[in-house]
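Peer 1: 3D, please:
(chains A and B, ligands or ions: 2)
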There are 2 protein chains.
Amino acid sequence: MEFHTTYSENNYTIYVNNGILKETLLKYTNQYEQVFYIIDSHVYDLHEKKFKDFNNVIKVPRGESFKTIENTMSVIDELLDQNVKRNDLMVVIGGGATGDGGAFVSSITLRGLDYIHVPTTLLAHDSAIGGKTAINRKQGKNLVGTFYRPNAVIYDLDFLETLPEEEVLSGFGEVIKHAMLDGQESIDALLEKTKNGVDIKNLNAFILNGIRTKMYYVSVDEKEDNLRKFLNLGHTLGHALEYAFKLKHGAAVVLGIIGALYISNKRYDDTFDIKSFINYVKHIGYDLSPLKNMNATEMIRYMSSDKKNMRKSYIGYVVLREFGQPELIEISTSDLETLLNELKAIV
Amino acid sequence: MEFHTTYSENNYTIYVNNGILKETLLKYTNQYEQVFYIIDSHVYDLHEKKFKDFNNVIKVPRGESFKTIENTMSVIDELLDQNVKRNDLMVVIGGGATGDGGAFVSSITLRGLDYIHVPTTLLAHDSAIGGKTAINRKQGKNLVGTFYRPNAVIYDLDFLETLPEEEVLSGFGEVIKHAMLDGQESIDALLEKTKNGVDIKNLNAFILNGIRTKMYYVSVDEKEDNLRKFLNLGHTLGHALEYAFKLKHGAAVVLGIIGALYISNKRYDDTFDIKSFINYVKHIGYDLSPLKNMNATEMIRYMSSDKKNMRKSYIGYVVLREFGQPELIEISTSDLETLLNELKAIV
Ligand SMILES: NC(=O)c1ccc[n+]([C@@H]2O[C@H](COP(=O)([O-])OP(=O)(O)OC[C@H]3O[C@@H](n4cnc5c(N)ncnc54)[C@H](O)[C@@H]3O)[C@@H](O)[C@H]2O)c1
Ligand SMILES: NC(=O)c1ccc[n+]([C@@H]2O[C@H](COP(=O)([O-])OP(=O)(O)OC[C@H]3O[C@@H](n4cnc5c(N)ncnc54)[C@H](O)[C@@H]3O)[C@@H](O)[C@H]2O)c1
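Peer 2: Ligands and ions are numbered 1, 2, ... in the order given. Here you go, the predicted structure:
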């Protein structure tokens, strides 16, 4: 399957399928004098055979630990020491974190090198689309970065076979989100297909659908000035829980989605059957205890961008009028606190 | 005087005149909730009165010393600590170095903040146009950076009054370059006007012309894939001399231009009167001894991007068929070495 972006320039192709890495990559690497590979060290160990023809491999610290200025600058220094040129190609192989950091490196080395992203996690069906790059600072996640489009995304689903359960569930959180943003039919099909558990081999159609949904939002609003904000469904509370309870991103998003459904129900006459959604997510393996144990005031402090005027401020929150109909509302921190405390009681 | 860029989107205005800072800035700052000012500490001391109404001033190390990852990240941390938001404005005040570093900060903080550049040197008539941002690494200058357009450039020529002679001459190197790229008439007028020395007060027309010339090249080729390379007139040898002799950028460019004229003459039947150009630049205060004392082999090592195959390689060099007609040629390192040694003899 191939997707094509629809920007006015610098468009690229997203290839999704099993076993496509070698052949697809060659189409691109052939055009460059020099290619550098940035690979998550854990992914390298698990899939070494796939990489045996590569020259210029730079292994980077696994997952989130790569996303620091020190680690990304040290990759840049390695590239510069190896005499990287403006017309060389970078290939970034790993999950969302390696993608964020590797794309950041590509975007600022010699003012921007061509790069191809090869996502290796389920979550990366989300993170690889949309051109956001990022590293973390002590003040928070993803606070430094760029918008920078890859030259291609090659999503070889064979990589997913080695994903541990926990990472599958994390990625699946974004699959659920995308299905909810897509509409009733999508989410119904997804819940039906996974009612007895999430098997990565059954997900291809939903991954494709998720990519399609994400592509729609980032194509109409690349810089997140308006519609792209809808992709934050489940993320407002999700990020706060992720931070407070050190959760996997997608697992936190699932809890955040429960919050969004609850608030949506309060706004629009109980549209959603929350009880049965809660049962479903418990059944397929998510831990709901953080939602039960959260401190609402603390969560709101994390959510509030204006720490100085928190008491008086409003928080932007994505809710659903129905599946496929997201809306951005503003909730006062005091109303939100009440809602979160109600929610704790029903989980 | 106002210039308007002609990109397909994200266009901006370049305001050039004396005494325009306060009034012009207000038109923009009024539209933002929060404005942060990044100011060269030396410029701050010299022009403190101009800045007295500013909140949120971040003074940064003077000139080139700001352009490190450590210094730029520390500004970013200060912004994050002060709760900077994606819709805040940055105003960057200083010479080309402050501009390069401040624009880099603006381009990667929260994936890009709006920013206005307020250039304060003569050289910045060049560096403020074209959207290149940069910091240095131990491997060389400007190796890390982005392409990022400002929301406006406000060039208040009053700042130039405090520029020391040495900085005037440095900036003037780019003024000469722009006039030569523009054509015979421009360079004749410039040489005539400055034949008894460079007085910053007489330069306004030439500054405007330089901006116009630079704008032309960056508008037809923002990312330097082809025509923008012509702006490197004088820079190939110039950068090597700058590095080897620790020269001011524009002073090195002037020496580089002499080299370019010499090579042009060898290619195209002695078009240029090099002797009289050399006399002129000496007379207005440039030191030509680096050109006399350079080691040609060493210069070529600096110029060569492919250090491994230097002996066999070719170097891209901008020459002039006549004033206003730049061309990019490739010279073998051995031919270039001969030419540079000839040049040393005639300086
Ligand atoms: N740029 C965006 O638009 C965007 C969107 C969402 C999330 N993100 C970012 O993505 C990151 C989360 O994504 P992620 O979960 O893919 O991150 P990740 O890269 O940290 O991967 C998670 C873990 O899985 C391991 N792993 C990767 N591929 C594997 C494989 N094939 N088999 C076994 N193990 C494998 C990694 O080593 C890591 O330990 C976060 O940093 C988040 O900020 C970015
Ligand atoms: N981005 C681009 O396209 C581009 C193009 C050319 C040069 N550059 C960069 O520009 C820099 C050189 O420019 P520059 O010479 O303006 O650099 P600069 O910022 O280092 O300024 C030179 C010196 O003048 C001082 N100064 C600045 N304004 C002053 C004023 N009004 N009065 C007195 N002193 C003042 C500074 O403190 C500094 O010591 C280099 O870093 C170069 O890489 C960038």
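
Peer 1: burial check on A:Gly99, number of neighbours?
Peer 2: If you count neighbours by other C-beta atoms under 10 Å in any protein chain shown, A:Gly99 ends up with 30. To be clear about C-beta, it is placed using only N, CA and C from the backbone, and glycine gets the same treatment.

Peer 1: can you check the pLDDT for it?
Peer 2: For A:Gly99, the model assigns a pLDDT of 98.

Peer 1: look up how far B:Lys229 lies from it.
Peer 2: A:Gly99 sits at a distance of 32 Å from B:Lys229 (criterion: C-beta to C-beta, to the nearest Å).

Peer 1: same question, A:Glu185
Peer 2: Counting by C-beta to C-beta, the separation of A:Glu185 from B:Lys229 is 54 Å.

Peer 1: OK, contacts around the spatially most central residue of chain A?
Peer 2: Residue closest to the average C-alpha location in chain A (C-alpha atoms, centre = their mean): A:Ser127, at 3.7 Å. If you count contacts by C-beta atoms under 8 Å, 6 or more residues apart in numbering or on different chains, A:Ser127 has them with A:95-96, A:99-100, A:119.

Peer 1: am I right that A:Leu80 is in contact with B:Gln139?
Peer 2: Yes: counting by C-beta atoms under 8 Å, a contact exists between A:Leu80 and B:Gln139, whose distance comes to 4.2 Å.

Peer 1: how near is the residue of chain A most remote from its centre to ligand 1?
Peer 2: For chain A, the C-alpha farthest from the mean C-alpha position belongs to A:Asn83; by C-alpha atoms, centre = their mean, that distance is 32.4 Å. Computed as C-beta to the nearest ligand atom, to the nearest Å, the A:Asn83 to ligand 1 distance reads 28 Å.

Peer 1: mind checking the SS state of A:Thr213?
Peer 2: Following DSSP: H, G, I helix; E, B strand; the rest coil, we place A:Thr213 in the helix state.

Peer 1: point me to the residue of the stretch 151-300 of chain A nearest ligand 1.
Peer 2: Per C-beta to the nearest ligand atom, A:Thr162 is where the stretch 151-300 of chain A lies closest to ligand 1, at 3.6 Å.

Peer 1: once you drop chain neighbours, what's closest to that residue?
Peer 2: Counting by C-beta to C-beta, 6 or more residues apart in numbering or on different chains, the nearest residue to A:Thr162 once its immediate chain neighbours are dropped is A:Leu46, at 4.8 Å.

Peer 1: local confidence estimate at that neighbour?
Peer 2: Among the per-residue scores, A:Leu46 holds a pLDDT of 98.

Peer 1: so it makes contact with A:Glu161?
Peer 2: No: contact between A:Leu46 and A:Glu161 fails when scored by C-beta under 8 Å: they sit 9.4 Å apart.

Peer 1: tell me the SS of the closest residue to ligand 2 within the stretch 151-300 of chain A?
Peer 2: Nearest to ligand 2 in the stretch 151-300 of chain A, going by C-beta to the nearest ligand atom, is A:Lys223, at a distance of 22.9 Å. Here A:Lys223 is coil, with the state taken from three-state DSSP.

Peer 1: against ligand 2, how distant is the residue nearest to the centre of chain A?
Peer 2: 31 Å.

Peer 1: do A:Asn55 as well
Peer 2: Summarising the geometry, the distance separating A:Asn55 from ligand 2, computed by C-beta to the nearest ligand atom, is 32 Å.

Peer 1: how many residues are close by whatever residue of chain A ends up closest to ligand 2?
Peer 2: Minimum separation of chain A from ligand 2 (C-beta to the nearest ligand atom) falls at A:Arg111, amounting to 9.8 Å. Close neighbours of A:Arg111, defined as other C-beta under 10 Å, add up to 21.

Peer 1: show me the contacts for it.
Peer 2: Shown here is A:Arg111, whose contacts under the criterion C-beta under 8 Å, 6+ apart are A:86, B:132-134, B:145-147.

Peer 1: how about the residues of the stretch 1-150 of chain A near chain B?
Peer 2: A:8, A:69, A:73, A:76-77, A:80-81, A:83, A:85, A:107-112, A:132-134, A:137-140, A:143-147 (C-beta under 8 Å from any C-beta of the partner chain).

Peer 1: follow-up on the earlier one: of A:Leu80 and B:Gln139, who's got more company?
Peer 2: A direct count of neighbours by other C-beta under 10 Å for A:Leu80 and B:Gln139 places A:Leu80 higher, at 17 against 14.

Peer 1: what residues does the one helix or strand the more buried one maps to touch?
Peer 2: Assigned by DSSP states H and E, A:Leu80 belongs to helix A:69-81. Counting by C-beta under 8 Å, 6+ apart, the neighbours of helix A:69-81 from elsewhere in the structure are A:36, A:38, A:58, A:60-61, A:65-66, A:101-102, A:104-105, A:108-109, A:135, A:137, A:144, B:69, B:73, B:137-140, B:143-144.

Peer 1: could I get the buried residue list for stretch A:339-347?
Peer 2: Neighbour-count burial for stretch A:339-347 flags A:339-340, A:343, A:347 (criterion: 16 or more other C-beta atoms under 10 Å in any protein chain shown).

Peer 1: which of those residues fall in helices?
Peer 2: Secondary structure defined by DSSP state H assigns A:339-340, A:343 of the buried residues of stretch A:339-347 to helices.

Peer 1: mind putting those residues in CSV, pLDDT included?
Peer 2: CSV is the format used below for these (pLDDT from 0 to 100):
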residue, pLDDT
A:Leu339, 96
A:Leu340, 96
A:Leu343, 95
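
Peer 1: of these, which is the nearest to A:Gly285?
Peer 2: Closest approach between these and A:Gly285, by C-beta to C-beta: A:Leu343, at 20.7 Å.

Peer 1: can you get me a residue count around A:Ile207?
Peer 2: A:Ile207 sits with 23 neighbouring residues when counted by other C-beta under 10 Å.

Peer 1: beta partners of A:Ile329?
Peer 2: Beta-bridge partners recorded for A:Ile329 (DSSP bridges): A:Tyr317.

Peer 1: show me which residues of the stretch 201-347 of chain A sit near ligand 1.
Peer 2: Of all the residues in the stretch 201-347 of chain A, those in contact range of ligand 1 (C-beta under 6 Å from any ligand atom) are A:His249.
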